[in-house]
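**Student:** predicted structure and sequence below. I'll ask about it afterward.
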Amino acid sequence: MVAVETTERPVRLPLRRPRRGRVLGGVAAGLAAHLGLPVVAVRLVLVLLVPLGGAGFFLYVFWWVTIPAGDPVEAAASTRPAASARLARRLQVPERSLPWPEIAGGILLLGAAAVLLASRRGFDVGGTWLLPVLILLGGTALAWSQLDAVQREPRAGRSRVPVSVLRLLGGTALAGVGVFLLVGRDVPVEDLVNSALAALAVLVGAALVLAPWWLRLVRALSDERLARARESERADIAAHLHDSVLQTLALIRSRSGDADEVARLARAQERELRSWLYDDRVDPGTSVAAELREVVAEVEDNLGVPVEVVVVGDRVPDEATAALLRATREALVNAVRHGRPPVSLYLEAGPTAIEVFVKDRGEGFDLDAVPEDRFGVRESIIGRMRRQGGTATVRRRAGGTEVELRLPVAAQAEEREA
Amino acid sequence: MSESVIDTVLVDDHRMFRAGVKASLDAGVRVVGEADDVDSAVAVVHELRPTVVLLDVHLPGGDGGGGAEVLRRCADVAADVRFLALSVSDAAEDVVAVIRAGARGYVTKAISGEDLSNAVRRVASGDAVFSPRLAGFVLDAFGASADVATGDDELDRLSAREREVMRLIARGYSYREVAGELFISIKTVETHVSAVLRKLQLSSRHELTRWAAARRLL
């Protein structure tokens, strides 16, 4: 039988050492997730394997070194192309647990110190080989714990470098000392130093030979990282286009009979895409220009008439500019309702005043002919501007009507002090 | 119609847009050639020597320089051929780049066929075409207020009259309306606009560069 439906999760999770639910290195937890067995069973098997010539121990160490750290579920998700992956990551509850590996390392080091102290005092502790072996093991553990830490935190690598380098160097030095003490137990000091130098020379030679290969590896790795970043950026763009442009196109197709609605949708989408492509994202409450564009967008959407906006300069919004924008909105609505398109809007934020001009191409209206009870122009435009210490003028021309709103900056400052 | 028909070449990488523009132009403007990337545009312009080239700001091909690259590579025929930039882009540095490379004006692609035909005629007669948005760019770049630092090179600032003309164009006034508003002739308006265009093209004003750089995407 073949399962026809495709599931989100692959049949078998990749082998990773998860951070969550690990006791030592996460080997057992990773194996359990990979094999789909209970963690306890895997741990039990590993422990039972220890008496068999230390098989359990060696297997554990081998896997600890060879299996990369990471969340198996996330790793499974990231093997799919980035374009089809979710942009938002799963919510993760941070797990608080005792730092067992560190505690174990500390106990080991304390034990080594105690043994050292005891041997200094003249006690013979388990022969001359025990101390070097302990030092060797401690150094190796230190160096490997660094490897594990780097794998765990690939993003935070930069800030961790000094600590990890220190760990690596310290571990290597400890292991080296251990090896020499172990090998050169009965050898005179000069020979020890000489052989140490020889070993060092061999190491340096090997490093020189391997350096190009290592460099290539590093370069390939960084190339791959770059490619990944690019792909995720592309996925971001694809997701945006999908959520906005494709949806709108589908809407337009389904309503192709309604010309006004189609024009409205197209304009709204164009504006949204434009702001996404060209504008730097401005923080809310920092730009009068951005707020003006919102006002215009609302009027365009509601009344279905395009407005040509030109903005020169900008400033931080306050109460007075909020009133100015409300008055601008009224003027725009008036221009759209009573005038003829195209409607032009010009805002200039100069050092002495903010000026707004709203121009249409209609017949225009006579302010004196507008009845007192029509609040539109008189109250919501002229009254509003006056209360903020500004002025509003309506001018009729052969080519259309123009509303001019002017808000002096000085008046604004006085008002704020009052 | 007493005016002679103006030969134009249409350069844009979108076939649908070219077809739309061709259909919307009136009888006074004839499209004699089309091109869809930088290299073919340069070849067509050199071969046909049209009066006016309608040039998209964003073009594929060449060295990736878009419309500005076409302008640079057509510099040898610049005396006979005039360029009008067409763009959907709101990015100031794109527009300023083609203007500084030698385009005689800039209009948005949302322009009506009638206005575009008039703009082509205006460019053909040697005048500059400023859309409200380009006027806004100019005011932004040169400083909108009248009392900018004096003592600069004459090229680096706008005269009070030029600024007034730019402000009116930014407010949506046609050249005719600007002339009526300022009690000057249309010819004088055109002179002012051409002077501003020249300043925009030649000014070494460092703010212009800085300003364009500050508007860069991301």
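**Tutor:** Okay, I see it.
**Student:** care to break chain B down by domain?
**Tutor:** B:1-126, B:129-218 (automatic domain parsing).
**Student:** the host helix or strand of A:Arg253: how far from the chain's middle?
**Tutor:** Using DSSP states H and E, A:Arg253 maps to helix A:247-254. Centre-to-centre, helix A:247-254 and its host chain are 31 Å apart (C-alpha atoms, centre = their mean, to the nearest Å).
**Student:** what are the contacting residues of that helix?
**Tutor:** A:262, A:265-266, A:268-269 (C-beta atoms under 8 Å, 6 or more residues apart in numbering or on different chains). Glycine gets a C-beta too; all of them are placed from N, C-alpha and C.
**Student:** going through those residues, which ones are buried?
**Tutor:** Buried members of those, scored by 16 or more other C-beta atoms under 10 Å in any protein chain shown, are A:265, A:269.
**Student:** need the nearest residue in space to the residue in chain B positioned nearest to chain A, chain neighbours excluded.
**Tutor:** Using C-beta to the nearest C-beta, the closest approach of chain B to chain A is made by B:Gly172 at 2.6 Å. Nearest in space to B:Gly172, with sequence neighbours left out and distances taken as C-beta to C-beta, 6 or more residues apart in numbering or on different chains, is A:Ser344 at 2.6 Å.
**Student:** so after the host helix or strand of that neighbour, what's the next helix or strand?
**Tutor:** Per DSSP H and E, A:Ser344 falls inside strand A:343-349. Downstream of strand A:343-349, the next assigned helix or strand under DSSP H and E is strand A:353-359.
**Student:** what about that next one, distance to the chain center?
**Tutor:** Taking mean C-alpha positions (C-alpha atoms, centre = their mean), strand A:353-359 and its chain are 40 Å apart.
**Student:** counting contacts, what elements does that strand pack onto?
**Tutor:** helix A:319-338, strand A:343-349, strand A:400-408 (3 or more C-beta pairs under 8 Å, 6 or more residues apart in numbering or on different chains; DSSP states H and E).
**Student:** mind doing that once more with 10 Å?
**Tutor:** Applying 3 or more C-beta pairs under 10 Å, 6 or more residues apart in numbering or on different chains; DSSP states H and E, we find strand A:353-359 packed against helix A:288-303, strand A:307-312, helix A:319-338, strand A:343-349, strand A:391-397, strand A:400-408, helix A:409-417, helix B:160-170.
**Student:** compile those into JSON lines and extend it with columns for distance to B:Asp13 and mean pLDDT.
**Tutor:** JSON lines is the format used below for those (distance: least, C-beta to C-beta, whole Å; pLDDT from 0 to 100):
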{"stretch": "helix A:288-303", "distance to B:Asp13": "28", "mean pLDDT": "83"}
{"stretch": "strand A:307-312", "distance to B:Asp13": "25", "mean pLDDT": "85"}
{"stretch": "helix A:319-338", "distance to B:Asp13": "34", "mean pLDDT": "84"}
{"stretch": "strand A:343-349", "distance to B:Asp13": "30", "mean pLDDT": "87"}
{"stretch": "strand A:391-397", "distance to B:Asp13": "40", "mean pLDDT": "81"}
{"stretch": "strand A:400-408", "distance to B:Asp13": "36", "mean pLDDT": "85"}
{"stretch": "helix A:409-417", "distance to B:Asp13": "45", "mean pLDDT": "52"}
{"stretch": "helix B:160-170", "distance to B:Asp13": "29", "mean pLDDT": "88"}
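**Student:** out of those, deepest packed?
**Tutor:** strand A:343-349 (a mean of 25; mean count of other C-beta atoms under 10 Å in any protein chain shown).
**Student:** contact partners for the residue of the stretch 301-418 of chain A at minimum distance from chain B?
**Tutor:** Proximity of the stretch 301-418 of chain A to chain B (C-beta to the nearest C-beta) peaks at A:Ser344, 2.6 Å away. The contact partners of A:Ser344, taken as C-beta atoms under 10 Å, 6 or more residues apart in numbering or on different chains, are A:307-310, A:335, A:357-361, A:400, A:402, B:132, B:169-173.
**Student:** and B:Val95, by the same measure?
**Tutor:** B:57, B:67, B:85, B:87, B:89, B:103, B:106, B:108, B:131, B:133-134, B:137, B:212.
**Student:** cutoff 8 Å now
**Tutor:** Contacts of B:Val95 (C-beta under 8 Å, 6+ apart): B:57, B:85, B:87, B:89, B:106, B:133-134, B:137.
**Student:** now swap in A:Ala353 and tell me
**Tutor:** A:406-409.
**Student:** could you give the angle of the strand or helix carrying A:Ala201 to helix A:247-254?
**Tutor:** According to DSSP H and E, A:Ala201 maps onto helix A:189-241. Orientation note: helix A:189-241 sits at an angle of 20 degrees relative to helix A:247-254 (axes from the mean of the first three to the mean of the last three C-alpha atoms, to 10 degrees).
**Student:** per-domain residue ranges of chain A.
**Tutor:** A:10-76, A:286-417.
**Student:** so which of the ones you listed gets nearest A:Val179?
**Tutor:** domain A:10-76 (17.9 Å; C-beta to C-beta).
**Student:** picking that back up, out of the helices and strands packed on strand A:353-359, flag the one nearest B:His46.
**Tutor:** Across the helices and strands packed on strand A:353-359, closest to B:His46 is helix B:160-170 (C-beta to C-beta), at 33.1 Å.
**Student:** for the contacts of B:Val95, please prepare JSON lines with the additional fields secondary structure, neighbour count and pLDDT.
**Tutor:** Output for the contacts of B:Val95, formatted as JSON lines (DSSP: H, G, I helix; E, B strand; the rest coil; neighbours: other C-beta atoms under 10 Å in any protein chain shown; pLDDT from 0 to 100):
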{"residue": "B:Val57", "secondary structure": "coil", "neighbour count": "22", "pLDDT": "84"}
{"residue": "B:Ala85", "secondary structure": "strand", "neighbour count": "29", "pLDDT": "88"}
{"residue": "B:Ser87", "secondary structure": "strand", "neighbour count": "22", "pLDDT": "81"}
{"residue": "B:Ser89", "secondary structure": "coil", "neighbour count": "19", "pLDDT": "67"}
{"residue": "B:Tyr106", "secondary structure": "strand", "neighbour count": "27", "pLDDT": "86"}
{"residue": "B:Arg133", "secondary structure": "helix", "neighbour count": "21", "pLDDT": "84"}
{"residue": "B:Leu134", "secondary structure": "helix", "neighbour count": "28", "pLDDT": "85"}
{"residue": "B:Phe137", "secondary structure": "helix", "neighbour count": "27", "pLDDT": "83"}
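**Student:** out of those, the closest to A:Leu217 would be?
**Tutor:** Closest to A:Leu217, out of all of these and judged by C-beta to C-beta, is B:Ser89, at 42.9 Å.
**Student:** and the direction of the strand holding A:Ser344 versus that of strand A:353-359, what angle?
**Tutor:** 170 degrees.
**Student:** can you classify the closest residue to B:Cys74 other than its chain neighbours as helix, strand or coil?
**Tutor:** The spatial neighbour of B:Cys74 that comes closest, neighbours along the chain excluded (C-beta to C-beta, 6+ apart), is B:Val45 at 5.1 Å. Secondary structure state of B:Val45, per DSSP: H, G, I helix; E, B strand; the rest coil, is helix.
**Student:** now for residue 24, how many residues are close by?
**Tutor:** Answering for chain A, as no chain was given. 14 (other C-beta atoms under 10 Å in any protein chain shown).
**Student:** sorry, I should have been clearer: chain B.
**Tutor:** Quick note: B:Ser24 (other C-beta under 10 Å) scores 15 neighbours.
**Student:** report the mean per-residue pLDDT for stretch A:119-130.
**Tutor:** What stretch A:119-130 shows for mean pLDDT is 67.
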